[in-house]
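> Predicted model and sequence follow; I will ask about them next.
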Amino acid sequence: MRKSGFQKAAGLLLSLCVMVSLASGCTSSGQGKKQNDKKENSVSASTSSDSRGKGASEAKKKVKIDLVMGDNVVMPEEKDNFINQELDKALHVDLTMSILGGGTDYATALNTRISSGDVPDMFYVPSQQSFQQYADSGLLMSLTPYLDKIQPVVDWAGGKEILTPNTYKGELYRVPKKPGIDNYKIWSIRKDWLDAVKAQIPTTPEEALDVAKRFTFEDPDGNGKKDTYGFAGPGINTFDAIVNSYGGSLKSDIIIKDNEVMASILQPDMKAALEMCKSFVDGGVVDPDLVADDNNSVRDKLIQGMSGMTFYTWAGLYKQIYMDQVLAVNPKAEWVCFNGLEGPHGHKNGTSDIDNVAGRWVISKEIESDEVKRDRIFDLLNYTVSGEGLNLLCYGVEGRHFNIEDGKVVPTELMSRECDYIYVYQICNRDDLTYCETKFPEAKTAIETGFHMDRYHTYNGEVDLPEGLHKSDMDNYISDNMIKFIYGKRPINEYDDFIKELSDSFQLDEYLKAAQTQLKEKEYIK
């Protein structure tokens, strides 16, 4: 365990342990990468230490690098971790990737480790507020003085424009990443059920409600039992697929409309949106476990034929492994995706935040004085964005997990068996569309549907929280009340009172003022 003057700053982070509820689950799985010339496979990014003016002894030194990530992935034993082995060989490092659990478990474990003075060399931040705490406590190394050393990363991620969302108080603390698909959730429906109840794919919330009623009450699976529901999804925010089309959302999202910064929950049609969602619940067509369900439990229900319509990740349904399970239950089952519902404010289903281009990986300030380790980390970052390094972290080992044919990656059978864990190493992200279509060609239609859907754009990731504002408390209060409104536990005509409560007790007005000032400074508005 490292002990240094750095502990003083680390000690300030003890308070972080009470904000672990801010942590979000780490990772959207499945995103992709464009292929590069074989010439790039020489790994120009991993320039030797000698070329930077260091002595030969330093150049030969194998450098230990400690990466820490939050996820629920099952990692292989070290002897079977071919990613570590290949990176060690290519970059002359001794790499360790530690997985400390997902969600709040990760936030707790990371904060405990940092508070003890053992700060990882590079780690994934669990939330925006924790990131700000780390930066303000002096725990993070600014990349601003070293932009020339990570120029391949900056160029690959999107150039100078990618720097703004990754900057905090004038310093580039977060490793830039390439924008991804961002939102994997799409509308999906049982086509065989539609045929059974003589209905069509819905195009509006009203039509979706009608279809959901038929799926619930007209025995679409033909088993003579009332054992189906029309609508299912993972959690209350599933209803955002409806609310977004009314111009709002169920969260404290920051949006820009007509060159003005606004809050999604203050949009004029929010009450109408909640009434529509409540109509689904009152109609008895919603899976009764929706609020408590997560992605895994929803997938199980879709596989078992318990619900016929959902706003859910394509990766949890259309991958071959899951579709095989669907067909094992009912060989005639036919899931199809469609391009969302159109409400009073258009065809927007599912949120897409500017934070999608903001990195979650940061580097410890402590390693800045260790020039060899610092530059070897830069080598690692640059290596991951081109040629063999990019292919390695997307597809595995060439010749074992994939081959290159006519300039394209062609997976072998081993890719699906052995590469489930490698996404945690994709620090700078990947070219989602190419990656997903390469790894999951059977889901091509669903992938492209998700990629091209018109999303509800938000700017939460660009707003640094004012000191003393506990956004997690505000978010929890919003979520609790949205559940009450939709499930009839609180009258929707009290919505204005709810907004006043947010302003009086949770600093909503201060949050909006900060958003207005910061987004203008960053030139998102004129």
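Structure's in. What do you need? Numbers count the residues shown, from 1 in each chain.
> Pretty sure Met262 sits in a strand.
Yes - according to DSSP: H, G, I helix; E, B strand; the rest coil, the state of Met262 is that of a strand.
> For it, name its beta-bridge partners.
Ile255 (DSSP bridges).
> Now for it: which residues touch it?
Counting by C-beta atoms under 8 Å, 6 or more residues apart in numbering, Met262 makes contact with 254-256, 512. Placement of C-beta: from N, CA and C, glycine included.
> Got the confidence number for it?
Looking at Met262, its pLDDT stands at 96.
> May I see the buried residues of the biggest helix by length in the chain?
The residue-count maximum for a helix in the chain (DSSP state H) belongs to helix 471-486. Residues 471-472, 474, 477-479, 481-483, 485-486 are the ones in helix 471-486 that count as buried (16 or more other C-beta atoms under 10 Å).
> What ranges does the stretch 51-200 of the chain have for its strands?
Assigned by DSSP state E, counting those that start in this stretch, the stretch 51-200 of the chain shows strands spanning 63-69, 93-99, 122-124, 167-168, 171-172, 185-190.
> Any idea which of these gets closest to Leu465?
Closest approach to Leu465 among the strands of the stretch 51-200 of the chain is made by strand 167-168 (10.9 Å; C-beta to C-beta).
> what pairs with that closest one, and is each one parallel or antiparallel?
Strand pairing for strand 167-168, determined by DSSP bridges: strand 171-172 (antiparallel).
> For the strand it pairs with, report the contacting residues that lie outside it.
Contacts to strand 171-172, defined as C-beta under 8 Å, 6+ apart, come from residues 135, 142-144, 147, 163, 166.
> Then stretch 264-281?
Residues outside stretch 264-281 that contact it (C-beta under 8 Å, 6+ apart) are 205-206, 209, 212, 230-231, 239, 242-243, 245-255, 286, 343-345, 456, 458, 478, 482, 485-488, 492-493, 495, 499, 502.
> So which of these sit within helices?
Counting by DSSP H, those contribute 205-206, 209, 212, 242-243, 478, 482, 485-486, 495, 499, 502 to helices.
> Leu381: which of the contacts of Met262 is nearest?
Nearest member of the contacts of Met262 to Leu381, counting by C-beta to C-beta, is Ile254, at 29.5 Å.
> what's near enough to touch that closest one?
Contacts of Ile254 (C-beta under 8 Å, 6+ apart): 261-264, 458-460, 462-463, 512, 515, 519.
> With Val261 instead?
Taking C-beta under 8 Å, 6+ apart, one finds 254-255, 459, 512, 515-516, 519-520, 525 in contact with Val261.
> Counting neighbours, what do you get for the closest residue to Val397 other than its chain neighbours?
Closest residue to Val397 apart from its sequence neighbours, by C-beta to C-beta, 6 or more residues apart in numbering: Phe82 at 5.7 Å. Neighbour count of Phe82, defined by other C-beta atoms under 10 Å: 17.
> start at 54 instead
Got it, first residue is 54 now, which makes that one Phe135.
> got a list of what Phe135 touches?
Neighbour list for Phe135: 449-450, 453, 471 [criterion: C-beta under 8 Å, 6+ apart].
> now do Met150
If you count contacts by C-beta under 8 Å, 6+ apart, then Met150 has 120-122, 128, 134, 136-137, 477-478 around it.
> Check those residues against Lys372 and report the nearest one.
Of those, the one sitting nearest to Lys372 (C-beta to C-beta) turns out to be Val477, at 18.3 Å.
> my read: the closest one touches Met122, true?
Yes - contact criterion C-beta atoms under 8 Å: Val477 and Met122 qualify, at 5.0 Å.
> list residues touching both of the two?
150, 152.
> So between these two, which is more surrounded?
Taking other C-beta under 10 Å, Val477 and Met122 do not tie; Met122 has more neighbours (25 against 20).
> So for that one, what pLDDT did the model give?
In this prediction Met122 is given a pLDDT of 96.
> Identify the bridge partners of it.
Assigned bridge partners for Met122, using DSSP bridges, are Ile152.
> how about it, what does it touch?
Contacts of Met122 by C-beta under 8 Å, 6+ apart are 79, 150-153, 176-177, 477.
> how close does it sit to Ile318?
Separation of Met122 from Ile318 (C-beta to C-beta, to the nearest Å): 32 Å.
> Now do the helices in the stretch 354-503 of the chain.
For the stretch 354-503 of the chain, the helices defined by DSSP state H, counting those that start in this stretch occupy 373-382, 424-436, 440-448, 466-471, 485-492, 497-505.
> Which secondary structure elements does the fifth one sit against?
Counting contacts by 3 or more C-beta pairs under 8 Å, 6 or more residues apart in numbering; DSSP states H and E, the secondary-structure elements packed against helix 485-492 are helix 440-448, strand 461-464, helix 497-505.
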